[in-house]
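# sequence-free structure coming up:
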């Protein structure tokens with residue numbers, strides 16, 4: 001892919017960043033697959049996963065693309081099983097459900113091989129690429145070259161390049177696929193861990209197949225009964241405002257940027273009056289017109305992780321002096337963090353069927369928000385073109401099950417803040433909601449959270465959890481100059 005084309009794609013992502021962010025493998029043995037109940041059509045073979053030392057098992061399971069037409073077109077689900085991090089499997093397997101929607105679970109094997117090593121003691125980790133992602137009949141969409149392409153144009157481009165039936169790529173289809181995989185592998189009971197959109201899939205699976213679920217870990221909770229886009233602008237604005245305020249309360253940051261609030265306000269006013277022209281270093285004779293809204297949207301991706309959010313005061317200071325280089329780098333960092341590896345077609349199928357219809361004519365709430373919300377126009381345009389799949393009548397009803405459930409939230413999460421977990425936990429009879437104040441989106445990567453998760457999965461006892469170690473999760477330092485935080 002040429003540099004010019006890649007740059008244009010990045011500019012598209014700067015425009016709609018955060019939309020996508022809803023908007024992150026063994027030798028077979030009798031305990032891995034129950035030979036008496038496993039599907040003879042599922043064959044697992046030893047394989048190597050990039051970045052993972054242990055030998056994994058890989059395979060595919062064929063399922064109907066449209067379950068109402070079982071003799072019609074079929075698709076292959078891509079499955080990877082990571083072995084226990086020590087010894088043989090003696091516990092129920094853990095199924096990891098990726099976020100997005102649009103991320104492929106198997107492509108995150110290296111990351112979760114590391115993060116979940118404690119949780120994987122004695123248990124397999126099962127990764128299934130959601131249909132439409134990874135190697136499970138993926139959508140192959142070519143984004144338009146126009147960096148300001150409308151949602152309709154992106155949807156049309158995606159439709160023209162593919163032979164999928166987009167209406168069959170919903171969350172309901174995904175949980176039915178997961179159940180088919182579970183049955184094929186002969187797993188009587190499983191535990192589930194979902195992050196972001198994966199928490200919604202986990203809840204929906206537990207709702208449909210509660211007897212099969214021993215325990216659930218929901219990290220950065222996105223329940224099906226709460227429209228994520230309705231308040232996302234306010235949520236992100238709150239985290240940005242708190243980040244800037246925290247700089248004023250930090251001695252080193254305050255010393256480095258004593259007039260940050262005034263500089264920020266003045267910069268936004270200036271960009272609203274006259275957009276800045278910013279050169280794109282990778283492409284000769286190409287520059288970007290940075291408006292107030294685009295400048296703010298460039299921060300959306302960095303807000304998901306406090307270490308990158310703590311770069312914002314420095315970025316604002318440099319931009320207020322006419323240097324937008326750090327802002328370009330930060331906006332691109334958000335792009336790479338959130339949008340890399342996202343299947344746009346699967347994203348459109350899920351959102352157009354399940355999320356956008358919930359907005360109604362009132363759209364989103366942007367009251368008291370710094371951020372614009374072009375999401376309504378962008379998504380409604382895209383979904384006016386994209387075929388809309390059917391969802392069950394009770395799809396948006398709160399999930400009420402008795403499965404032991406640990407809910408994790410980051411106090412600095414700009415898209416699924418703690419109130420989302422609270423709105424979920426009130427309907428679960430055996431749940432505990434835990435907030436890690438200085439964590440962002442995807443809490444398990446912070447501090448001792450992975451140990452808490454492992455202990456919970458071992459005992460499924462919420463009352464016995466020792467959460468004291470989470471108090472050691474501290475806020476990262478602010479970047480106060482070109483050479484990093486003050487020592």
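Thanks, I have it. All values derive from a computational prediction rather than experimental measurement.
# and the strand or helix carrying residue 216, what's its mean pLDDT?
Taking DSSP states H and E as the criterion, the element that holds residue 216 is strand 213-219. Along strand 213-219, the predicted local confidence has a mean pLDDT of 98.
# Check what contacts that strand and list those residues.
The set of residues external to strand 213-219 that reach it, using Cβ atoms under 8 Å, 6 or more residues apart in numbering, is 92, 189-196, 198-199, 202-203, 205-206, 401, 403-408, 421, 424, 442-444, 453, 456-457, 460. Glycine gets a C-beta too; all of them are placed from N, C-alpha and C.
# who's residue 406 bridged to?
Note on residue 406: beta-bridge partners residue 217, residue 432, judged by DSSP bridges.
# Test my guess that it contacts residue 454.
No - the pair formed by residue 406 and residue 454 falls short of the contact definition of Cβ atoms under 8 Å, at 11.0 Å.
# re the thing from before, what's the PyMOL syntax to select whichever of the contacts of strand 213-219 are buried?
Typed into PyMOL, the next command selects the buried ones out of the contacts of strand 213-219 (criterion: 16 or more other Cβ atoms under 10 Å):
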select buried, resi 92+190+191+192+193+194+195+196+198+199+202+203+205+206+401+403+404+405+406+407+408+421+424+442+443+444+453+456+457+460
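# Next step: the contacts of strand 213-219 restricted to strands.
190-195, 405-408 (DSSP state E).
# Figure out how far the longest helix out of those in the chain is from the centre of its chain.
Longest helix in the chain by number of residues, with DSSP state H as the criterion: helix 228-248. Once both centres are worked out by Cα atoms, centre = their mean, to the nearest Å, helix 228-248 turns out to sit 18 Å from its chain's centre.
# Please spell out which residues along stretch 260-270 are buried.
The neighbour-count check on stretch 260-270 (16+ other Cβ under 10 Å) flags 260, 263-264, 267-268 as buried.
# Would you mind pulling the contact partners of that stretch?
Residues outside stretch 260-270 that contact it (Cβ under 8 Å, 6+ apart) are 244, 247-248, 253, 257, 276, 292, 295-296, 313, 316-317, 319-320.
# Might one say that residue 348 is in contact with residue 386?
Yes - contact criterion Cβ under 8 Å: residue 348 and residue 386 qualify, at 4.8 Å.
# In terms of neighbours, single out the busier of those two.
residue 348 (30 against 25; other Cβ atoms under 10 Å).
# what does the host helix or strand of the more buried one contact?
Secondary structure from DSSP H and E places residue 348 in helix 344-350. Among residues not part of helix 344-350, those counted as contacts by Cβ under 8 Å, 6+ apart are 20, 100-102, 130-133, 138-141, 143, 154-155, 158, 162, 164, 166-171, 197, 382-383, 386-387, 389.
# could you pull out the helices for the stretch 51-200 of the chain?
Taking DSSP state H, counting those that start in this stretch, the helices of the stretch 51-200 of the chain run over residues 109-115, 151-160, 171-185, 197-208.
# Residue 481 is nearest to which of those?
With Cβ to Cβ, the closest approach to residue 481 among the helices of the stretch 51-200 of the chain belongs to helix 109-115: 30.7 Å.
# And that closest one, what does it pack against?
In terms of contacts (3 or more Cβ pairs under 8 Å, 6 or more residues apart in numbering; DSSP states H and E), helix 109-115 is packed against strand 74-82, strand 125-128.
# Give me the mean pLDDT for the last one.
This predicted structure assigns strand 125-128 an average pLDDT of 97.
# partners of that strand in the sheet?
Applying DSSP bridges to the sheet, strand 125-128 is found paired with strand 74-82 (antiparallel), strand 94-97 (parallel).
# Tell me the backbone dihedrals of residue 450, please.
Recorded main-chain torsions at residue 450 are phi -60, psi -30, according to degrees, to the nearest 10.
# I'd guessed it sits against residue 444; true?
Yes - with the criterion set as Cβ under 8 Å, residue 450 and residue 444 qualify as a contacting pair; they are 5.6 Å apart.
# any weak-confidence spans in the stretch 201-350 of the chain?
Along the stretch 201-350 of the chain, the model assigns pLDDT under 70 to residues 281-286, 333-340.
# now do 50
Counting by pLDDT under 50, the stretch 201-350 of the chain contains low-confidence residues at 333-339.
# Do me a favour and get the end-to-end distance for stretch 250-260?
Distance between the boundary residues of stretch 250-260 (Cα to Cα, to the nearest Å) amounts to 12 Å.
# Okay, buried residues for it please.
Across stretch 250-260, burial judged by 16+ other Cβ under 10 Å covers 250, 253, 256-257, 260.
# Spatially nearest residue to residue 134 (excluding sequence neighbours)?
Once flanking residues are discounted, residue 134 sits nearest to residue 104: 2.7 Å by Cβ to Cβ, 6 or more residues apart in numbering.
# quick one: that neighbour from residue 176, how far?
The gap separating residue 104 from residue 176 is 18 Å, by Cβ to Cβ, to the nearest Å.
# Settle it for me: which of these two has more neighbours?
Just comparing residue 104 and residue 176: by other Cβ under 10 Å the higher neighbour count belongs to residue 104, 25 against 19.
# For that one, give me its contacts.
Taking Cβ under 8 Å, 6+ apart, we find residue 104 in contact with 78, 98, 129-130, 133-136, 138, 341, 343.
# so where's the stretch 351-487 of the chain uncertain?
Scanning the stretch 351-487 of the chain for pLDDT under 50 picks out 366-367.
# confidence score at residue 163?
The score at residue 163 is 77. That number is its pLDDT.
# actually residue 10, not the one I typed
Per-residue confidence at residue 10 stands at 37 (pLDDT).
# go on, residue 21?
Residue-level confidence at residue 21 comes out at 38, pLDDT.
# which residues does residue 465 contact?
Going by Cβ under 8 Å, 6+ apart, the list of residues near residue 465 reads 406, 432, 452, 455-456.
# so which of those residues would you say is closest to residue 352?
Lowest distance from residue 352 to these (Cβ to Cβ) belongs to residue 406, with 31.2 Å.
# That closest one and residue 417, how far apart?
Using Cβ to Cβ, one obtains 17 Å as the distance from residue 406 to residue 417.
# still on that earlier bit, from the helices of the stretch 51-200 of the chain, which stretch is densest packed?
Between these, the one whose residues have the most neighbours on average, counting mean count of other Cβ atoms under 10 Å, is helix 197-208 (a mean of 26).
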